[in-house]
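S.K.: the following block contains a protein sequence and its predicted model.
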Amino acid sequence: MSSPKPLQKTIVIVGAGFAGVPAFNELAKRVDPETTKLVLINPRSHFIHLPAACRLVVSETEPHYEDKVFLPLTARFNEGNKRTVYAKVDSIHDDKDDEANRYVTLDNGEKVEYTYLLLAPGSIWEGPLDFPYNKDESVKKLKEWHNRFEKAADIVLVGGGGISFEYAGEIKDEWPTKNVTIVHSRDLLLNDVYPDRWRRQVNDSLQKRGVRLVLGDRVDDVVPKDGKIVTRSGKEIPADLVIPTRGPRPNSAFIAASLGDDVLTSSGHVKVNPTMQLPDRPHIFAAGDVVEWNEQKSARKAYPQSQVVVQNILTLLRDPKATSLKSYWGRPEALPLTNGKNGGTSYWGVLWGLTFGDWFTRLAASKNLYIPGVNRMLDLPPGSSEPGRRLTERPRSVATAVPKGRISIF
C-alpha cells in the first residue's frame, strides 16, 4: 500500500523586483514540484530595472533601450508548479490560527491561497519613474518625458539624493548647455549615512559639469509659475521643468489595510524580525525596499534579504515548527553614482570607507548600468527582450558581471 500523498503547500510572492524575482528563481530550483506550488503576483508582465531608468527617461539614448529596462517575465515563470499572475494585491486575509484560511485577493477578483507569503512589493516613485503597468503605456509616457526634457531650458531637481545626481548627469550628457539646478535640504548632497568627505566629492562631481546646487533649502510647490519656482527661503530659481527627486515611498498601504497599522512603522515600512518574518506572523515574510531595516534601500540589500527568506521557507517546509532559522544582519553601505555614461563617484563602506572616481565608476556602473547582470538574474540573454518568449499582458483600464542569480555593486 502506497503512503498518502503529502498535502500541497503554496508559496506566494508579491512583487517581481530585486527581492521577489531572486526568491522566485531560487525556490523554483529547490522546492519539490510535487508538493509545493509557487505563485508570483505582479501588476506588470515585466521587471523594471530601475538603476537604468534615469537614462531611459531623459532621452532616447539608443533605439529600443526600453527593452533593456523593461525585462519580460518569460514563459519559464509560468510552467509546471510555477504560476505568474499579472494583477495587484488588493488585500491579505490572514488567519493566524487556520492555515487553510489564508489568501490574497487581487484586483481582478481572484483569491490566491498561501501557506507562506513573501511581501516584496517595492516602492512607489513620483515623476518620470512612476511607470504605468502596461509596457505600451510606459513607452508612450517615455516619449512624452523625452519631449519635455528636450524642450526645457531650465531644469530643477527637487531633492538631493542619488536619483537627482544621476538625472543631472544624464541631462548634461545629452544637453551640456541646459541649466540644471538641484535643491536639497542639507548642506551636502545625499544624507548623513555617508561621510562628509565623500559627499563633498559628490557635490564637486556635479559642479564641475555646471550643475547648480541650492543647499540647505526646500521647495514646497514643484509646479513652475511664471517660469520659476520659489524656495522656502524665498529664493527664485528659473524653471520650466521641475522633477521631484525626493525618493520613493514604500508600497505598503494594502498591507496596513489588511493586517493593521501596527505592522508598519511611521514611515510606512514593514516591521520584520532578523529572520525577515513579520512579528507574530511567522508564515509571512517581507524583503526589499518595503521593509524597515537600519540601512539604505538598494538592490544589493534586497538580494541577500530574499535569500534569507528562501532558506527559512525551505526550513519551514521541512518542519513547520522549526525555530533555528537564518537571520539577516545587513550589509556594508555601498553606493555608485553614475554621472552620465562616462563618469561618476562611488563609496564602499568597508575599512575606513573607500571612495572611487570616474574611471572605476564607469567600469562598474556607468557604462552598462548592470544590465548584463540583471539579464542573467532573469535568465534572459544580455540586451534582449526576447519578444518571442513574452507572455501576453493582462488588459488594464520598478550589477556588474556576477554569477547567475546574483546582483551586486562591488
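M.R.: Looks like it came in fine.

S.K.: all helices of the protein, in order?
M.R.: 20-30, 53-58, 66-69, 135-151, 162-174, 196-207, 253-259, 299-318, 358-361, 371-377 (DSSP state H).

S.K.: phi, psi of Ser252?
M.R.: Main-chain dihedrals, Ser252, degrees, to the nearest 10: phi -130, psi 0.

S.K.: tell me the contacts of Gly274?
M.R.: Slight slip there: residue 274 is Pro, not Gly. 327-329 (C-beta atoms under 8 Å, 6 or more residues apart in numbering). Where you see a C-beta, it was placed from the backbone N, CA and C, and this is true even at glycine.

S.K.: how near is it to Asp154?
M.R.: 48 Å (C-beta to C-beta, to the nearest Å).

S.K.: same check, this time on Thr231
M.R.: For Thr231, the distance to Asp154 equals 14 Å [C-beta to C-beta].

S.K.: and the closest residue to Asn342 other than its chain neighbours, how far from Pro336?
M.R.: Ranked by C-beta to C-beta, 6 or more residues apart in numbering and with sequence neighbours excluded, the top spatial neighbour of Asn342 is Arg362, at 5.4 Å. Taking C-beta to C-beta as the measure, Arg362 and Pro336 are separated by 10 Å.

S.K.: what touches both of the two?
M.R.: In contact with both Arg362 and Pro336: Gly344, using C-beta under 8 Å, 6+ apart.

S.K.: beta partners for the closest residue to Asp221 other than its chain neighbours?
M.R.: Computed as C-beta to C-beta, 6+ apart, the closest residue to Asp221 that is not its neighbour in sequence is Ile229, at 6.8 Å. Going by DSSP bridges, Ile229 is paired in beta bridges with Ile237.

S.K.: contact partners for Ile229?
M.R.: Counting by C-beta under 8 Å, 6+ apart, Ile229 touches 156, 219, 221-223, 236-237, 239, 242.

S.K.: re the thing from before, can you lay out the helices of the chain as CSV showing mean pLDDT, mean neighbour count and distance to Val14?
M.R.: Converted to CSV, the helices of the chain look like this (pLDDT from 0 to 100; neighbours: other C-beta atoms under 10 Å; distance: least, C-beta to C-beta, whole Å):
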stretch, mean pLDDT, mean neighbour count, distance to Val14
helix 20-30, 95, 22, 7
helix 53-58, 94, 25, 21
helix 66-69, 91, 21, 22
helix 135-151, 95, 15, 20
helix 162-174, 96, 24, 24
helix 196-207, 97, 17, 35
helix 253-259, 97, 17, 9
helix 299-318, 96, 22, 12
helix 358-361, 94, 16, 34
helix 371-377, 83, 22, 18
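
S.K.: all strands of the stretch 251-400 of the chain, in order?
M.R.: Here the stretch 251-400 of the chain has its strands, by DSSP state E, counting those that start in this stretch, at 277-278, 281-286, 334-338, 344-348, 354-356.

S.K.: format those as a markdown table; extra columns: mean neighbour count, mean pLDDT and distance to Pro128.
M.R.: Below are those laid out as a markdown table (neighbours: other C-beta atoms under 10 Å; pLDDT from 0 to 100; distance: least, C-beta to C-beta, whole Å):
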| stretch | mean neighbour count | mean pLDDT | distance to Pro128 |
| --- | --- | --- | --- |
| strand 277-278 | 22 | 98 | 33 |
| strand 281-286 | 23 | 97 | 27 |
| strand 334-338 | 24 | 95 | 16 |
| strand 344-348 | 23 | 95 | 20 |
| strand 354-356 | 17 | 95 | 28 |
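
S.K.: which one of these lies nearest to Gly169?
M.R.: Judged by C-beta to C-beta, the one of the strands of the stretch 251-400 of the chain that comes nearest to Gly169 is strand 334-338, at 6.0 Å.

S.K.: list the contacts for the closest residue to Asn312 other than its chain neighbours?
M.R.: In space, and not counting its chain neighbours, Asn312 is closest to Leu325: 4.6 Å by C-beta to C-beta, 6+ apart. Contacts for Leu325 were tallied using C-beta under 8 Å, 6+ apart; they are 275, 277, 311-312, 315-316.

S.K.: what do you get for Glu66?
M.R.: Per C-beta under 8 Å, 6+ apart, neighbours of Glu66: 56, 135, 138-139, 142.

S.K.: and these, which is closest to Pro372?
M.R.: Closest approach to Pro372 among the contacts of Glu66 (C-beta to C-beta): Leu56, at 16.4 Å.

S.K.: now that closest one. Nearest residue, chain neighbours left out?
M.R.: Excluding the flanking residues, the one nearest Leu56 by C-beta to C-beta, 6+ apart is Val69, at 4.9 Å.

S.K.: check contacts around that neighbour.
M.R.: By C-beta under 8 Å, 6+ apart, the neighbours of Val69 are 48-49, 52-53, 56.

S.K.: what about it, distance to Gln277?
M.R.: With the distance defined as C-beta to C-beta, Val69 ends up 32 Å from Gln277.

S.K.: re the thing from before, between the helices of the chain, which gets nearest to Tyr86?
M.R.: helix 135-151 (11.2 Å).
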